[in-house]
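J.: what's the 3D shape of this:
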Amino acid sequence: MSDINKEVGFRIRCLREERGWSQEELGQRAGLHRTYIGHVERGEKNLGIENLEKIAKALGVRARNLVDFDSLDDQG
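T.: Residues are numbered from 1 along each chain as shown. Prediction:
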């Protein structure tokens, strides 16, 4: 998979872990299966826009913050 998939997945994982959530909990909050969350976090899946938005809402961030590599470092 591409580096962008890995980078976005890493950011999702960091935000999830900051909240103390398991992949299963994030999946439930986002309406997605826990195995899908795992694939995304490892950069193994291309993340569609709708699912990106679901994950971002569940994490309480804007979807653009997950892909805006300049601002996420400041946003956390």
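
J.: mind listing what the spatially most central residue of the chain touches?
T.: Nearest to the mean C-alpha position of the chain, counting by C-alpha atoms, centre = their mean, stands Ile12 at 3.0 Å. The neighbourhood of Ile12, defined by C-beta atoms under 8 Å, 6 or more residues apart in numbering, consists of Leu26, Ile37, Val40, Glu41, Ile55, Leu59, Leu66. For every residue, glycine as well, the C-beta is placed using N, CA and C.

J.: cool, Tyr36 as well?
T.: Applying C-beta under 8 Å, 6+ apart, the residues contacting Tyr36 are Gly27, Lys45, Asn51.

J.: So the last one versus Lys45, what's the distance?
T.: Okay, so that is Asn51. 9 Å (C-beta to C-beta, to the nearest Å).

J.: Kindly report the same for Gly20.
T.: Distance from Gly20 to Lys45, by C-beta to C-beta: 24 Å.

J.: Neighbour count: those two, which is higher?
T.: Lys45 (17 against 7; other C-beta atoms under 10 Å).

J.: Where does that one sit: helix, strand or coil?
T.: coil (DSSP: H, G, I helix; E, B strand; the rest coil).

J.: thinking it is in contact with His39, fair?
T.: Yes - counting by C-beta atoms under 8 Å, Lys45 does reach His39; the two are 4.2 Å apart.

J.: still on that earlier bit, for Asn5, state which of the contacts of Tyr36 is nearest.
T.: Set against Asn5, the nearest of the contacts of Tyr36 by C-beta to C-beta is Lys45 (7.2 Å).

J.: Ramachandran angles for the closest one?
T.: phi -120, psi 140 (degrees, to the nearest 10).
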